[in-house]
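Student: A structural model of the following input is requested.
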Amino acid sequence: MAAMIDEKRLESGSSATETIRNNSIPQKVAIFIWRAKLNRLPVRSELGKRGIDLDSVLCPICGNEIETVEHSLIKCKKVTEFWIFFFLIWWNVPVCNLNALDPLANDGIFTSFTKYGKSIWEAVKWVGCYVLWKSRNNKVFNRKEWSISSIISEVQTTTFGWIAKRSKKFFLDWHQWIINPEFYVDSLINRLGIG
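Tutor: From the prediction side, this is the model:
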C-alpha cells in the first residue's frame, strides 16, 4: 500500500518524501515517523500558522517553549528525560550530546548489529516517538497526566508485543527484553545467525 502511495503522490527520485517501512512494527508507526520527518504533525505552531484559534502555541508538556515537531519529540525537557532513560538506562547506550539527540535519525549506534538487529533498534526508537505523541495527545485531549514511567512501560510492552508477534525467526524473552535489550538482541541474532 505504501508503494502505491509513493507511486501516485510523490515525485520520482525524491528520497526525502518516500515512505519508510519497518517490518518489526505496524505500518501506522512508520507512517507517523514519515509524517514527523516531513514536519507534518499537527503541532501547535503549525496549527497557529494555519489560522486555527488555540489557547496557546506553547508545548502542552512543559509549557515553556513553542510546540514544534522537533520540540515535542526530541527537545522538550521532559521528553529529553524520557530519551535519557530510554538510551542510558534501558538500552545501556551512551548518549554523547543530548542536545543533538534525534531518535528519528539513523544514528549508527549499533554498527556491529546485523541488518535485522538494526531494524529492531530503529523500530524501538520509532515506537518511542509514537508513544510520546500518543501521551502528548492524551494530555491535550483527555487531560491525562504525562508520566515518563508510564511511557517507558508502554514502549517496552508495545515493542515487545509487536516484535515478538512479527518475528518468525526467534522467540523474545520478556525478562531479557526489560533488563538489557541491546545485549539480548545482539546475542540472540548472532547465535541464530540471522542477518
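Student: do me a favour and average the pLDDT over stretch 91-105.
Tutor: Computed over stretch 91-105, the mean pLDDT rounds to 63.
Student: pLDDT value on Phe87, please?
Tutor: Taking Phe87 on its own, its pLDDT is 86.
Student: from His71, how far out is it?
Tutor: To His71, Phe87 is 19 Å away according to C-beta to C-beta, to the nearest Å. For the C-beta atoms, the positions are set from N, CA and C on the backbone; glycine is no exception.
Student: give me the residue at the spatial middle of the chain.
Tutor: Nearest to the geometric centre of the chain sits Trp126, at 2.3 Å (C-alpha atoms, centre = their mean).
Student: where does the residue lying closest to it once chain neighbours are set aside sit: helix, strand or coil?
Tutor: Residue nearest to Trp126 in three dimensions, not counting chain neighbours: Ile33, with 4.9 Å by C-beta to C-beta, 6 or more residues apart in numbering. Of the three states, Ile33 takes helix according to DSSP: H, G, I helix; E, B strand; the rest coil.
Student: which ones are touching Ile33?
Tutor: The contact partners of Ile33, by C-beta atoms under 8 Å, 6 or more residues apart in numbering, come to Ile20, Leu104, Trp126, Cys129, Tyr130.
Student: confidence-wise, which of those comes last?
Tutor: Among the contacts of Ile33, pLDDT bottoms out at Leu104, giving 64.
Student: and the contacts of Ile33, which of them are in helices?
Tutor: Trp126, Cys129, Tyr130 (DSSP state H).
Student: and the residue lying closest to the second one once chain neighbours are set aside, what's its pLDDT?
Tutor: To tie it back to what came earlier, the one meant is Cys129. Using C-beta to C-beta, 6+ apart and skipping residues adjacent in sequence, the residue nearest Cys129 is Leu73, 5.1 Å away. Note for Leu73: predicted pLDDT of 93.
Student: ok, Leu73 to Glu122 distance?
Tutor: 15 Å.
Student: show me which of these two is the more surrounded one.
Tutor: Shown here are Leu73 and Glu122; by other C-beta atoms under 10 Å, Leu73 has more neighbours (24 against 21).
Student: wait, doesn't the more buried one sit right on Trp133?
Tutor: Yes - with contact defined as C-beta atoms under 8 Å, Leu73 and Trp133 form a contacting pair (7.0 Å).
Student: okay, and the common contacts of those two?
Tutor: Contacts common to Leu73 and Trp133, judged by C-beta under 8 Å, 6+ apart, are Ala36.
Student: quick one: the helices in the protein, in order.
Tutor: 2-9, 27-37, 44-49, 69-70, 77-84, 115-142, 148-166, 174-179, 181-192.
Student: take these and write them to JSON lines, including distance to Asn92.
Tutor: Listed next are the helices of the chain as JSON lines, based on distance: least, C-beta to C-beta, whole Å:
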{"stretch": "helix 2-9", "distance to Asn92": "33"}
{"stretch": "helix 27-37", "distance to Asn92": "23"}
{"stretch": "helix 44-49", "distance to Asn92": "35"}
{"stretch": "helix 69-70", "distance to Asn92": "26"}
{"stretch": "helix 77-84", "distance to Asn92": "12"}
{"stretch": "helix 115-142", "distance to Asn92": "12"}
{"stretch": "helix 148-166", "distance to Asn92": "14"}
{"stretch": "helix 174-179", "distance to Asn92": "10"}
{"stretch": "helix 181-192", "distance to Asn92": "6"}
